[in-house]
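Chemist: sequence first, predicted coordinates after that:
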Amino acid sequence: MTADTIARLKITLDDVEPGVLRRIEVSLSLRLDRLHLAIQAAMGWTNSHLYEIRARNVGWGIPDPDWGDGPLDARKARLTDVLEDTGAKTLHYTYDFGDNWGHTIKVERLIDPVPGIVYPRLIEASGRCPPEDVGGPPGYEEFLAAIMDADHERHAEMIEWTGFNSYDPTDVDIEAIDLELAGLAKRWNRKPRTKTAHRT
């Protein structure tokens, strides 16, 4: 493994049907706070809640001095170090501790970067991300039952709440995901500005 090595990650949203899956490629040297942002962009979440990335029995996220055994600082850990230090090939990512969205992240393979490609990038996407604040997997199941049945007692309420006239849980906006990830790649792969010499 080198600093340029690319990790292909399979990210599965746990406990939802229809399934939600993303495959993305990221730099192995990516910090975990940036991995969080890449997952948010790939899945379609809005980055409105706290998160934790776990490898075995160690967790990283946004540290809270009032939470004694809380997560380590995700800004100070890189994916490569976490994989080497813990020996894990699978990570667990929790987003929104209220709704408790669990994701399983499997490191499928390590590859060399493709010349001319910037990372992170999307490889595959299936299943639509649930609406934010819907109540986790059980709430999403209720939401789907209500919004897909015009005779359901909460059908009108769900349409008003989401603003959707219809909802297809299998419909993925791949173009939007690509744009979000491309925005991150552009920000993270900026060349440092060089100082120009001043003539005297």
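Modeler: Received the coordinates, thanks. Numbers count the residues shown, from 1 in each chain.
Chemist: count of residues packed around residue 134?
Modeler: For residue 134, the count of nearby residues is 19 (other CB atoms under 10 Å). (Each C-beta comes from the backbone N, C-alpha and C, glycine too.)
Chemist: next structured bit after the helix or strand residue 110 falls within?
Modeler: Per DSSP states H and E, residue 110 falls inside strand 101-111. Using DSSP H and E, the next helix or strand after strand 101-111 towards the C-terminus is strand 121-126.
Chemist: could you check the angle strand 101-111 makes with that following strand?
Modeler: Compare the direction of strand 121-126 with that of strand 101-111 by axes from the mean of the first three to the mean of the last three CA atoms, to 10 degrees and you get 130 degrees.
Chemist: quick one: buried residues of strand 121-126?
Modeler: For strand 121-126, the neighbour count (16 or more other CB atoms under 10 Å) marks 121, 122, 125 as buried.
Chemist: may I have the beta-bridge partners of the closest residue to the first one other than its chain neighbours?
Modeler: What sits nearest to residue 121 in space, not counting adjacent residues and going by CB to CB, 6 or more residues apart in numbering, is residue 25, at 5.3 Å. Here residue 25 shows beta-bridge partners residue 8, residue 121, assigned using DSSP bridges.
Chemist: ok, now which ones touch residue 25?
Modeler: When contacts are counted by CB atoms under 8 Å, 6 or more residues apart in numbering, residue 25 touches 6, 7, 8, 9, 111, 119, 120, 121, 123.
Chemist: follow-up on the earlier one: name the strands paired with the strand holding residue 110 and say parallel or antiparallel.
Modeler: Neighbouring strands of strand 101-111 in its sheet, by DSSP bridges, are strand 6-13 (antiparallel), strand 90-95 (antiparallel).
Chemist: distance to residue 105, mean neighbour count and mean pLDDT for those strands - can I get that in CSV?
Modeler: Converted to CSV, the strands paired with strand 101-111 look like this (distance: least, CB to CB, whole Å; neighbours: other CB atoms under 10 Å; pLDDT from 0 to 100):
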stretch, distance to residue 105, mean neighbour count, mean pLDDT
strand 6-13, 5, 20, 98
strand 90-95, 4, 20, 98
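Chemist: mind listing what the residue nearest to residue 77 when sequence neighbours are not counted touches?
Modeler: In space, residue 77 comes closest to residue 32 once its chain neighbours are excluded; the distance is 4.8 Å by CB to CB, 6+ apart. For residue 32, the contacting residues are 53, 60, 74, 75, 77, 78, 79, 82, by CB under 8 Å, 6+ apart.
Chemist: quick one: neighbours of the third one, just the number.
Modeler: Read it as residue 74. Using other CB under 10 Å as the criterion, residue 74 is surrounded by 22 other residues.
Chemist: now swap in the last one and tell me
Modeler: Residue 82: 22 surrounding residues under other CB under 10 Å.
Chemist: residue 63 against residue 75, yeah?
Modeler: No - applying CB atoms under 8 Å as the test, residue 63 and residue 75 come out as separate, 9.0 Å apart.
Chemist: quick one: the helices in this structure?
Modeler: Counting by DSSP state H, one finds helices in the chain at the ranges 32-43, 79-86, 136-147, 155-162, 174-188.
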